[in-house]
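Asks: Following is a predicted model, sequence given first.
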Amino acid sequence: MNYRSRFRNAAAVACLAALAVAAAPAAALAAKVGEPAPAFTATDSNGKQVSLAQFKGKYVVLEWHNQGCPFVVKHYGSGNLPKLQKEWTAKGVVWLAIISSAPGKQGFVDGKGANQDMQAHSAAPTATLLDPKGEVGRLYGAKTTPHMFIISPQGQLIYNGAIDDKSSADPADIPGARNYVAQALTEAMSGRPVSQPTTPPYGCSVKY
């Protein structure tokens with residue numbers, strides 16, 4: 001095992017070790033599948049106010065993001081998440097990346113830093129929302145980065161969980177993974193019920 005692999009694995013273990021403690025306050029307020037998605041308004045990376053209400057009638061994906069998390073690095077460095085963003089926004093889906101890292105914590109960035117990070121990875125979310133006080137994160141009970149949520153055009157939460165079924169920080173696991181987000185969107189947009197509406201999220205703890 002080379003130095004890079006050891007560092008990546010150690011960082012991933014450290015993130016997971018902090019998960020149970022850091023996620024506890026958020027878990028108590030977790031949004032539930034089958035219920036109306038909690039309303040929110042947040043400032044995006046360009047200084048504009050973005051509210052969930054303005055996207056009524058569309059599918060909305062919420063993606064919790066932390067550029068320093070090895071699990072996020074896995075999905076962005078490989079191009080996996082940017083590809084998903086482009087694929088689904090092209091089909092009319094709204095994709096909101098949300099950064100709930102508090103000032104001084106891993107992943108905290110200002111608007112300029114968030115834009116630079118997304119541009120560096122050719123990412124294409126509809127907007128990147130800054131949530132430094134963790135208000136939106138706690139509203140949804142976001143536990144990890146990434147933690148994924150899908151909201152129906154009727155405003156109902158229809159998916160809450162992991163991006164896929166390979167809970168590792170290794171990009172080599174992506175090709176063989178079942179992508180739960182793509183699966184849920186495909187089913188819902190085809191008029192079928194989401195077959196796996198909840199799954200255990202994995203990744204680094206959200207740094208509230």
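Replies: Received, thanks.
Asks: May I have the secondary structure class of residue 96?
Replies: Put simply, residue 96 is strand when judged by DSSP: H, G, I helix; E, B strand; the rest coil.
Asks: How about the contacts made by it?
Replies: 50, 60, 61, 62, 63, 125, 126, 127, 128, 129 (CB atoms under 8 Å, 6 or more residues apart in numbering). Every residue, glycine included, has its C-beta placed from N, CA and C.
Asks: and of these, the nearest to residue 160?
Replies: Top of the list for closeness to residue 160, among the contacts of residue 96 and by CB to CB, is residue 62 at 9.5 Å.
Asks: Looks like the closest one contacts residue 151 (just checking).
Replies: Yes: the pair residue 62 / residue 151 is scored as a contact, 7.3 Å apart, by CB atoms under 8 Å.
Asks: Show me which of these two is the more surrounded one.
Replies: residue 62 (28 against 24; other CB atoms under 10 Å).
Asks: which non-adjacent residue is nearest that one?
Replies: With CB to CB, 6 or more residues apart in numbering as the criterion, residue 62 has its nearest non-adjacent residue at 4.1 Å, and that residue is residue 149.
Asks: quick one: what helix or strand has the one you found in it?
Replies: In the assignment (DSSP states H and E), residue 149 maps to strand 148-151.
Asks: residue contacts, the most centrally placed residue in the chain?
Replies: Centroid-nearest residue in the chain: residue 63, 2.1 Å away (criterion: CA atoms, centre = their mean). Residues near residue 63 by CB under 8 Å, 6+ apart: 81, 95, 96, 97, 98, 125, 146, 147, 148.
Asks: at 6 Å what do you get?
Replies: Listed by CB atoms under 6 Å, 6 or more residues apart in numbering, the contact set of residue 63 reads 97, 146, 148.
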